[in-house]
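K.L.:
I would like the atomic coordinates for the input below:
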Amino acid sequence: MVATNMNPQPRAKLPARLRLRVTAAAESILRGGHPWLFAESVREQNRAGELGELAVIYDRKDGFLAVGLFDPDSPIRVRVLHSGKPQALDAAWWQARLTQTLAQREGLFDAQTTGWRCINGESGGWPGLVLDRYDATLVMKLYTAAWLPRLESLVKLVEENLAPERIVLRLSRNIQAMAAARFKKSDGQILSGAALSGPVVFMETGLRFEADVLRGQKTGFFLDQRENRRFVETLARDRTALNAFSFSGGFSLYAARGGAAAVTDLDISAHALDGARRNFALNEAIPALARCSHELVQADAFEWLGATAGRKFDLVVLDPPSLAKREPERAGAIHAYARLAALGIAALNRGGILLAASCSAHVTAAEFFGAVRASAAASGRNFSDLRTTGHAPDHAAKFKEGEYLKAIYLQMAR
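P.N.:
Numbers count the residues shown, from 1 in each chain. As a prediction, the model looks like this:
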């Protein structure tokens, strides 16, 4: 049996349950736990489905495969909520799913960290939805319109379990127009709680940061790089550091607190650099930050690194935005990552450390690490691998398409 009390529109007479049968290949993929059913994999459908309703997927022998959120207009026709044995998706099921999700975060963070991911989309059992905490503010970002008819019930569930001061709605660009037209919802809208006039402030490992939850990138901050920022702090003592594609200066603050002599934030966005300046001001009471020289440079990172070949640093962080948003861009992105790594290496002093990161899901970890290592080899310098990293614990990726973040640390010999 499959039912739900998160039905977007109560009906006097419920329609027949939406039933789908899929190709043999899709059966195998769904049995393997993949959270997406693509439109071309649907062989039979008993009726036209509505946005956000539950679609039950059956195999060729009429056995239950999975149930998920239906979207008649998306190439991802169903986002799977549950697979395996049939279950009733009633109030108890939704509560249990959220309880389980939140329990996975227990023990990960202490009082010095008040910003983390509470719900991590498909990898956390909530396909197309993330929920990030910034102190008392929660930011819910939707990547599929299928959640929109259920938004009111979803907000109530989150409020009952997390008691936030407010919940902010963020919407991926591809669903913003439809959300406004059909549901009167907009990106940056306050769904519940007190209004906001600007960024919220949260803590990460004892450092204070602004998060522009209403208009900022992602949900307002790059929470997924937390562990890499923490490691950079351990490498920074007495070093000069360059933070390319710096955004609001996260890596720089950690490097400064770790004892860096000087840090340079390099970003093409004046708005981002203003954020970095404010984040340093938020932490000016920390002695190490007060001692550290902080420089802001507004420029294209590729152009600036290429034009300032004579300037050297002891620690170079390269954390660009995704260079491959679509599969056809993959080859070009690999070449660009190699070129960027070469530019970063050219800016390193002997004994210096390079951190190169990628958030491009279409470029695999092996391809990215290979490109960076190839640039290191081509430089004529000797390098040693310090470590490679992937997803943070609260951003764990549990299916191939969800694997996007990777980073590699190389140190040049003296």
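
K.L.:
Contact partners for the closest residue to residue 172 other than its chain neighbours?
P.N.:
Setting aside the residues directly before and after it, residue 172 is nearest to residue 143 in space (CB to CB, 6 or more residues apart in numbering), at 4.7 Å. Every C-beta, even on glycine, is put in place using the N, C-alpha and C of the backbone. With contacts defined as CB atoms under 8 Å, 6 or more residues apart in numbering, residue 143 is in contact with 121, 128, 129, 130, 172, 175.

K.L.:
Ok, residue 382 next?
P.N.:
Contacts were defined as CB under 8 Å, 6+ apart; by that measure residue 382 touches 412, 413.

K.L.:
What's the separation between it and residue 407?
P.N.:
For residue 382, the distance to residue 407 equals 21 Å [CB to CB, to the nearest Å].

K.L.:
what's the answer for residue 367, then?
P.N.:
Distance of residue 367 to residue 407, given as CB to CB: 14 Å.

K.L.:
Give the buried residues for the longest strand seen in the chain.
P.N.:
With DSSP state E setting the assignment, residue counts place strand 348-358 as the longest strand in the chain. Under the neighbour-count criterion of 16 or more other CB atoms under 10 Å, strand 348-358 has 348, 352, 353, 354, 355, 356, 357, 358 buried.

K.L.:
Stretch 54-64 too?
P.N.:
54, 55, 56, 57, 58, 59, 64.

K.L.:
end to end, how far does that stretch reach?
P.N.:
Terminal residues of stretch 54-64 are spaced 14 Å apart (CA to CA, to the nearest Å).

K.L.:
where do the helices sit along this structure?
P.N.:
Secondary structure of the chain (DSSP state H): helices located at 24-31, 91-103, 151-162, 173-183, 226-235, 250-257, 270-282, 287-291, 301-307, 330-346, 365-378.

K.L.:
Can you pull out the low-pLDDT segments for the stretch 251-400 of the chain?
P.N.:
Scanning the stretch 251-400 of the chain with the threshold set as pLDDT under 70 gives 309.

K.L.:
And the stretch 51-200 of the chain, by the same measure?
P.N.:
Scanning the stretch 51-200 of the chain for pLDDT under 70 picks out nothing.

K.L.:
thinking again about what came up before, what helices or strands is the longest strand of the chain leaning on?
P.N.:
With contacts taken as 3 or more CB pairs under 8 Å, 6 or more residues apart in numbering; DSSP states H and E, strand 348-358 sits against helix 226-235, strand 313-318, helix 330-346, helix 365-378, strand 406-412.

K.L.:
Throw these into JSON lines and include distance to residue 294 and mean neighbour count, thanks.
P.N.:
As requested, the helices and strands packed on strand 348-358 are exported to JSON lines (distance: least, CB to CB, whole Å; neighbours: other CB atoms under 10 Å):
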{"stretch": "helix 226-235", "distance to residue 294": "15", "mean neighbour count": "20"}
{"stretch": "strand 313-318", "distance to residue 294": "14", "mean neighbour count": "26"}
{"stretch": "helix 330-346", "distance to residue 294": "20", "mean neighbour count": "19"}
{"stretch": "helix 365-378", "distance to residue 294": "27", "mean neighbour count": "19"}
{"stretch": "strand 406-412", "distance to residue 294": "23", "mean neighbour count": "22"}
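
K.L.:
Any idea which of those gets closest to residue 73?
P.N.:
helix 330-346 (26.5 Å; CB to CB).

K.L.:
Give me the angle between the closest one and helix 365-378.
P.N.:
Using axes from the mean of the first three to the mean of the last three CA atoms, to 10 degrees, the inter-axis angle of helix 330-346 relative to helix 365-378 is 40 degrees.

K.L.:
and helix 330-346, C-alpha only, in CSV?
P.N.:
Output in CSV follows, covering the C-alpha atoms of helix 330-346 (Å, rounded to 0.1, in the frame of the first residue of the first chain):
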residue,chain,number,x,y,z
ARG,A,330,33.6,17.9,-20.0
ALA,A,331,36.6,17.7,-22.3
GLY,A,332,37.0,21.5,-22.2
ALA,A,333,36.7,21.6,-18.5
ILE,A,334,39.5,19.0,-18.0
HIS,A,335,41.7,21.1,-20.2
ALA,A,336,40.8,24.2,-18.2
TYR,A,337,41.5,22.5,-14.9
ALA,A,338,44.9,21.5,-16.2
ARG,A,339,45.6,25.0,-17.4
LEU,A,340,44.5,26.5,-14.1
ALA,A,341,46.7,24.1,-12.1
ALA,A,342,49.7,25.1,-14.3
LEU,A,343,49.0,28.7,-13.5
GLY,A,344,48.7,28.0,-9.8
ILE,A,345,51.9,26.0,-9.8
ALA,A,346,53.8,28.8,-11.5
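
K.L.:
other SSEs contacting that helix?
P.N.:
Partner elements for helix 330-346 (3+ CB pairs under 8 Å, 6+ apart): helix 301-307, strand 313-318, strand 348-358, helix 365-378.
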